[in-house]
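# Sequence and computational prediction follow.
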Amino acid sequence: MSIRLNFYSFFLGLLCLCLFLINYFTHFFHSIFPTINPLFITLILTILNLYLGFAGLFSVHDWKSGLRSLLTIVISLGLSAIQLYFIVFQ
């Protein structure tokens, strides 16, 4: 199960990145969720993905799964920092 967790957390990170880019460039989610900031939703998904990435570190068996887990953590940390910047200063 932990190998699948590592694999799914990587794709969840890519999904969070795509959702952030869609939200930033098109403002599509502002019309769907007019009362809350859509960056909060992607931030929660990104933080969840960060925890899943750390849990995926325990299932590293070869260099591919290790690289995938480290990329998941780097993508999640970078994306959460960018989202916090946009939430706080905009």
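Received, thanks. Residues are numbered from 1 along each chain as shown.

# Enumerate every residue touching the nearest residue to residue 14 once chain neighbours are set aside.
Counting by C-beta to C-beta, 6 or more residues apart in numbering, residue 75 is the residue found nearest to residue 14 once chain neighbours are left out, at 7.5 Å. C-betas here are computed from N, CA, C, even on glycine. Applying C-beta atoms under 8 Å, 6 or more residues apart in numbering, one finds that residue 75 lies in contact with 13, 14, 16, 17.

# out of these, which are buried?
Buried subset of the contacts of residue 75 (neighbour count, 16 or more other C-beta atoms under 10 Å): 13, 16, 17.

# Can you list the buried residues in the helix or strand of the chain with the lowest mean pLDDT?
In the chain, the helix or strand scored least confidently by mean pLDDT, DSSP states H and E is helix 28-32, which has a mean of 73. If you call a residue buried by 16+ other C-beta under 10 Å, then helix 28-32 has these buried ones: residue 29.

# So what touches that helix?
19, 22, 23, 38, 41.

# For the second one, give its distance to residue 28.
Spelled out, that is residue 22. 6 Å (C-beta to C-beta, to the nearest Å).
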